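Chemist: coordinates only, sequence not included:
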Ligand SMILES: Cc1ncc(C[n+]2csc(CCOP(=O)(O)OP(=O)(O)O)c2C)c(N)n1
């Protein structure tokens, strides 16, 4: 077996965060976790269908990156997209309704778990094929540069965050797009969520150079490795990369070392990952870790954290009620949305 | 009126649309500095700059996806496929994203983009550069597919395609780029979804498109001498098919011949026959005849290549046969 990769240490001096921002991050991570737990419950109760890929364990990545973006920035996700959508501000009720296939879903029940979209929140997908979203994200980043430099709109400094997995980093689109992003200095963050596994394929068995962030160097692009279980660390590298992108200095490849606590999808028996491996990573739960951080730095007390958890629990319950009570799309609208005129 | 070559008609369409709407941009391999393999974007790089006429690396799937992302976020990309065959490498982005994403997003996003470039069987270009891709793409929901055939319709259709809010696959034919025609001096648009009655007639309806329109018209010369009066329809739109034009023609002639460059199996003609059976079976006096290319990779050898595609003499003979059938 390949040796366990040494995790990077979060460098001192510790990043600064206000109590308010701390609670925003905490709330977002808890929202992601509770939402996914509810999905699992609904799936096993036969209320949710299809392939459902949960994000448990990876919350520090979504919250650390997306909560560092502005509302007018873009997010492009994968099939593991629920939590990216939530961090982007898509209301939980509309995400839940989508998973129930309802008309009130963020994709009007036409997309499902792997195809979450919201033009209002600049969420560009939701793509079921691996790597498919990377070029699309590149296009959004190109669009920002085009507006700024071809149309002379100085306010066009939007950044695009593009998420994908370690398995996806072996796909041609990854390399093609890194090349173009660097070539044209596009304002984009390539965020690899290296959770060590691609379904049942261990990262080390698929990848000649397992340290993905190093692949940036051949494109002359900054590549950084970060502890993806530490939201403060992710936030710090994201903020730096966003500032660089916004200033017109081009893309960054960020490799977040993280772990998914559940199987690949809810249909995956998850038989390959060893108990020891899972326990090691469960012990690094990003939410528990951040709780400890907040308490230790006197940014919040236990009461405030509990208040957040209770509030989120209520929001998830409301989302579920909303999804269950929402209407299905009308059969009359079967052909709606094929063309722009519809 | 000015005499214009087809490639220049396309160029004028792009130039005019880039001039009136600054969100329109071109991307593809060698479209910029080089001016495009068939010179359709000649000099536009100097006029509009490197972001609006973007030379991409040779990475078809990725730059096509990039156009999808740009279209979703408010630009209007025109992709030039250096040869449309290369876009097989971009099938994923064309089908999954350009075609289907409006639907899967529940109407959240529009994808106004044009994918255009040379295709069809050229002169001994070998199999991979002589593809007829329209059949592969016709099954993809959410795409509009058009094929231009004259400088006049090339210009008007391309302008319409650029203004359309949907993804449009725009087929040009390598052997038609140097076709000449007098074009109007005023601006005009040709609708994407309308077939063109090239020659009205009463004896038989000939449905065709792209370069085969010209083979058909050559055949018509011989047929006229024999006193046969065919109606020739250039489909223009391969998806959706314009049954508002096709239908009345069938009701008039009761006989249909399809002439296409596409493969026979699973081709455009196959789809047309099925649709005619669905809608106009009772109008037919004879089974629909389809003259298609052979189901083979286009051979390099010139003689074999000629045998692969439908020739004017075959069209003439097929029409004669059909008209001779008495009911
Ligand atoms: C083009 C394509 N091939 C195969 C699949 C099947 N598939 C779905 S997820 C996956 C593994 C991807 O792993 P990774 O990129 O590491 O992301 P993770 O699931 O770990 O988040 C595979 C092979 C797919 N969705 N798309």
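Modeler: That came through, no problem. Since the structure is predicted, the reported quantities are computational estimates derived from the model, not experimental observations.

Chemist: got the residues of the stretch 1-150 of chain B near the ligand?
Modeler: Contact residues (Cβ under 6 Å from any ligand atom) of the stretch 1-150 of chain B with the ligand: there are none. Bear in mind the C-beta positions are built from the backbone N, C-alpha and C, glycine included.

Chemist: would you map the helices across the stretch 1-150 of chain B?
Modeler: Here the stretch 1-150 of chain B has its helices, by DSSP state H, counting those that start in this stretch, at B:6-20, B:44-48, B:60-72, B:91-92, B:101-104, B:134-137.

Chemist: swap in chain A?
Modeler: Along chain A, counting by DSSP state H, helices occupy A:19-44, A:59-66, A:82-87, A:92-99, A:133-145, A:172-183, A:203-206, A:231-246, A:275-282, A:286-296, A:302-325.

Chemist: so where's chain B uncertain?
Modeler: Where chain B drops to pLDDT under 70, the residues are B:326-327.

Chemist: recalculate using a threshold of 50.
Modeler: By pLDDT under 50, chain B has no low-scoring segment.

Chemist: one more: chain A?
Modeler: For chain A, the stretches flagged by pLDDT under 50 are A:1-2.

Chemist: who in it is up against the ligand?
Modeler: Of all the residues in chain A, those lying near the ligand are A:80, A:128-130, A:164-168, A:193, A:195, A:197-199, A:264, going by Cβ under 6 Å from any ligand atom.

Chemist: quick one, which of the residues you listed are buried?
Modeler: Using 16 or more other Cβ atoms under 10 Å in any protein chain shown as the burial test, the residues of chain A next to the ligand include A:80, A:128-130, A:164-168, A:193, A:195, A:197-198, A:264 as buried.

Chemist: nearest to residue B:134, out of these: which one, please.
Modeler: Within those, distances to residue B:134 taken as Cβ to Cβ reach their minimum at residue A:129, with 23.6 Å.

Chemist: right, and that closest one touches residue B:92 too?
Modeler: Yes: between residue A:129 and residue B:92 a contact is recorded at 6.3 Å, counting by Cβ atoms under 8 Å.

Chemist: need the contact list for the residue positioned nearest the centre of chain B.
Modeler: In chain B, the residue lying closest to the centroid (Cα atoms, centre = their mean) is residue B:147, at 1.4 Å. Residue B:147 makes contact with B:134, B:170, B:171, B:172, B:173, B:209, B:210, B:235, B:236, B:238 under the criterion Cβ atoms under 8 Å, 6 or more residues apart in numbering or on different chains.

Chemist: which of those residues fall in helices?
Modeler: residue B:134.

Chemist: which one of the contacts of residue B:147 is nearest to the ligand?
Modeler: Using Cβ to the nearest ligand atom, residue B:134 comes nearest to the ligand of the contacts of residue B:147, at 24.9 Å.

Chemist: list the contacts for the nearest residue to residue B:302 once chain neighbours are set aside?
Modeler: Once flanking residues are discounted, residue B:302 sits nearest to residue B:124: 5.5 Å by Cβ to Cβ, 6 or more residues apart in numbering or on different chains. Counting by Cβ under 8 Å, 6+ apart, residue B:124 makes contact with B:300, B:301, B:302, B:305.

Chemist: before we move on, back to that, give me the subset of the buried ones among the residues of chain A next to the ligand that also touch chain B.
Modeler: Among those, the ones lying near chain B by Cβ under 8 Å from any Cβ of the partner chain are A:128, A:129.

Chemist: now the buried ones among the residues of chain A next to the ligand as JSON lines including distance to residue B:59?
Modeler: Listed next are those as JSON lines, based on distance: Cβ to Cβ, whole Å:
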{"residue": "A:80", "distance to residue B:59": "25"}
{"residue": "A:128", "distance to residue B:59": "21"}
{"residue": "A:129", "distance to residue B:59": "17"}
{"residue": "A:130", "distance to residue B:59": "17"}
{"residue": "A:164", "distance to residue B:59": "17"}
{"residue": "A:165", "distance to residue B:59": "21"}
{"residue": "A:166", "distance to residue B:59": "22"}
{"residue": "A:167", "distance to residue B:59": "20"}
{"residue": "A:168", "distance to residue B:59": "16"}
{"residue": "A:193", "distance to residue B:59": "24"}
{"residue": "A:195", "distance to residue B:59": "27"}
{"residue": "A:197", "distance to residue B:59": "28"}
{"residue": "A:198", "distance to residue B:59": "23"}
{"residue": "A:264", "distance to residue B:59": "29"}
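
Chemist: among the buried ones among the residues of chain A next to the ligand, which are in strands?
Modeler: In strands, defined here by DSSP state E, the members of those are A:164, A:165, A:193, A:197, A:198.

Chemist: hmm, back to that, bridged to the residue nearest to the centre of chain B, which residues?
Modeler: For residue B:147, the beta-bridge assignment (DSSP bridges) gives partners residue B:171.

Chemist: wait, a strand at residue B:191?
Modeler: No: counting by DSSP: H, G, I helix; E, B strand; the rest coil, one finds residue B:191 to be coil, located in no strand.

Chemist: and it, how many residues sit next to it?
Modeler: Neighbour count for residue B:191, taken as other Cβ atoms under 10 Å in any protein chain shown: 13.

Chemist: which helix or strand contains the nearest residue to it once chain neighbours are set aside?
Modeler: Nearest non-adjacent residue to residue B:191, counting by Cβ to Cβ, 6+ apart: residue B:160, 6.1 Å away. Taking DSSP states H and E as the definition, residue B:160 sits inside helix B:151-163.

Chemist: next: residue B:214.
Modeler: Applying DSSP H and E, one finds residue B:214 within helix B:212-225.

Chemist: that helix: which residues count as buried?
Modeler: Neighbour counts using 16+ other Cβ under 10 Å place B:212, B:213, B:214, B:215, B:216, B:217, B:219, B:220, B:222, B:223 of helix B:212-225 among the buried residues.

Chemist: list the residues that contact the residue nearest to residue A:139 when sequence neighbours are not counted.
Modeler: With sequence-adjacent residues excluded and distances taken as Cβ to Cβ, 6+ apart, residue A:139 is closest to residue B:69, at 2.2 Å. Applying Cβ under 8 Å, 6+ apart to residue B:69 gives the contacts A:76, A:124, A:135, A:136, A:137, A:138, A:139, A:140, A:141, A:142, A:143.

Chemist: can you check residue A:66 too?
Modeler: Residue A:66 makes contact with A:28, A:75, A:84, A:87, A:88, A:161, according to Cβ under 8 Å, 6+ apart.

Chemist: excluding covalently adjacent residues, which one is nearest to the residue in the stretch 101-250 of chain A that the ligand sits nearest to?
Modeler: The ligand sits closest to residue A:165 of the stretch 101-250 of chain A, with a gap of 2.1 Å, by Cβ to the nearest ligand atom. In space, residue A:165 comes closest to residue A:193 once its chain neighbours are excluded; the distance is 5.5 Å by Cβ to Cβ, 6+ apart.

Chemist: my guess is that neighbour meets residue A:166, correct?
Modeler: Yes: Residue A:193 lies in contact with residue A:166 (Cβ under 8 Å); the separation is 7.4 Å.

Chemist: name the residues of the stretch 101-250 of chain B found near chain A, please.
Modeler: Within the stretch 101-250 of chain B, the positions near chain A by Cβ under 8 Å from any Cβ are B:101-112, B:141-142, B:144, B:164-166.

Chemist: again, only this time at 6 Å
Modeler: Counting by Cβ under 6 Å from any Cβ of the partner chain, the positions of the stretch 101-250 of chain B adjacent to chain A are B:102-110, B:141-142, B:165-166.

Chemist: filter these to the buried ones?
Modeler: By 16+ other Cβ under 10 Å, those give B:102, B:103, B:104, B:105, B:106, B:107, B:108, B:109, B:110, B:142, B:166 as buried.

Chemist: look at residue B:321 and give its secondary structure.
Modeler: Under the three-state scheme (three-state DSSP), residue B:321 adopts helix.
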